[in-house]
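Engineer: Everything below, folded, please.
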Amino acid sequence: MTIGIFLCSFLILKKARQINLGFEEMIVVMAISLGAALFGAGLLYVLVSYPSEVLLDKIVNGEFDFLSEIGSVYYGGLIGGILGAIVALRWQKLDVKKVEQCVVPFLPLGHSIGRLGCLLAGCCYGFEYTGPLAVRSAFVIGKTLFPIQGVEALLNLKIMAILLLYIRKNRPSYHILALYLILYSIVRFSLEFFRGDLIRGSFLFLSTSQWISVILLLVGIVVLCRKQEQ
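Structural biologist: Residues are numbered from 1 along each chain as shown. Sure thing, here's the model as predicted:
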């Protein structure tokens, strides 16, 4: 994840210089967005890892040992980062369309590298599988698993390629972000069926991430339709 953050930051700042966005202003936007993303990723991890009554009981009793075990959930980071970026953009008074061109296409790249980290760590693993490219995880002893982390990494690179082509033409504000939300939500909703870990939580017959995918898909479609009507 750290490698992904540094690489994306380098590419974002390089692109910002090409389209005459202020270096200092972009540093502020990136710092606020990253801080909000890390907070959101950790918060959603806690919410899906502990039943609400258990979490509330721990907080009431002053037991915060769960904070030492916090992981990260991508959707929490994505939503937190978007909210942080909106606040930062208004504060710095930057052009939303230009910032989108710099930032959004490289989000899938950072995510792709992060998923390779998941593959190496063994977390976010797939279901039991014995076919080609099967992998092992320290979390599941004695079984081979579907390499879902690697598949998601490859699909994220494909999303990045689509977005880089998409930004070649002038797009309305939030149009690029909306397309990313649509593409990734479809990918994530589908890949969740191949996951084998249960820590991400579930509600009814879908995982937490699938419900979030449905919501973000609808948001992306609404934004695109509204922009097209203008």
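
Engineer: helices or strands next to the helix of greatest length in the chain in the packing?
Structural biologist: Ranked by residue count and defined by DSSP state H, the top helix of the chain is helix 23-49. Using 3 or more Cβ pairs under 8 Å, 6 or more residues apart in numbering; DSSP states H and E, the elements in contact with helix 23-49 are helix 2-18, helix 74-92, helix 96-103. Where you see a C-beta, it was placed from the backbone N, CA and C, and this is true even at glycine.

Engineer: Centroid-wise, who is the farthest residue in the protein?
Structural biologist: Asn61 (32.5 Å; Cα atoms, centre = their mean).

Engineer: pLDDT wise, what is that residue at?
Structural biologist: If you check Asn61, the pLDDT there is 72.

Engineer: Could you pull up the contacting residues of it?
Structural biologist: With contact set as Cβ atoms under 8 Å, 6 or more residues apart in numbering, Asn61 has no partners.

Engineer: same question, Thr144
Structural biologist: Thr144 makes contact with Glu128, Tyr129, Thr130, Ala134, Val135, Arg136, according to Cβ under 8 Å, 6+ apart.

Engineer: thinking again about what came up before, so the residue farthest from the centre of the chain versus Leu204, what's the distance?
Structural biologist: For Asn61, the distance to Leu204 equals 31 Å [Cβ to Cβ, to the nearest Å].

Engineer: Phe146 too?
Structural biologist: Counting by Cβ to Cβ, the separation of Phe146 from Leu204 is 24 Å.

Engineer: Between these two, which is the more surrounded one?
Structural biologist: Neighbours per residue (other Cβ atoms under 10 Å) separate Phe146 from Leu204, with Phe146 holding more: 21 against 7.

Engineer: State the phi and psi torsions of the closest residue to the more buried one other than its chain neighbours.
Structural biologist: Ranked by Cβ to Cβ, 6 or more residues apart in numbering and with sequence neighbours excluded, the top spatial neighbour of Phe146 is Gly126, at 3.2 Å. Backbone torsions of Gly126, given as degrees, to the nearest 10, read phi -90, psi -180.

Engineer: What about Gly126, how many residues nearby?
Structural biologist: A count of neighbours around Gly126, defined by other Cβ under 10 Å, yields 24.

Engineer: can you pull up the bridge partners for it?
Structural biologist: Legend: beta-bridge partners of Gly126 under DSSP bridges are Arg195.

Engineer: you'd agree it is up against Gly196?
Structural biologist: Yes: taking Cβ atoms under 8 Å as the definition, Gly126 is a contact partner of Gly196 at 5.2 Å.

Engineer: any common contacting residues for those two?
Structural biologist: Leu145, Phe146, Ile148.

Engineer: Among those residues, name the ones in strands.
Structural biologist: Leu145 (DSSP state E).

Engineer: I'd like to check what contacts the one helix or strand Leu116 maps to. Which residues are they?
Structural biologist: Per DSSP states H and E, Leu116 falls inside helix 107-121. If you take Cβ under 8 Å, 6+ apart as the criterion, helix 107-121 is touched by 1, 3-5, 7-8, 11, 74, 78, 124, 135, 138, 147, 149-150, 152-154, 156-157, 159-160, 163, 180, 184.

Engineer: Direction included, what does the helix or strand that that helix is followed by pair against?
Structural biologist: Using DSSP H and E, the next helix or strand after helix 107-121 towards the C-terminus is strand 135-137. Strand pairing for strand 135-137, determined by DSSP bridges: strand 140-145 (antiparallel).

Engineer: What average pLDDT does the partner strand get?
Structural biologist: On average, the pLDDT along strand 140-145 is 91.
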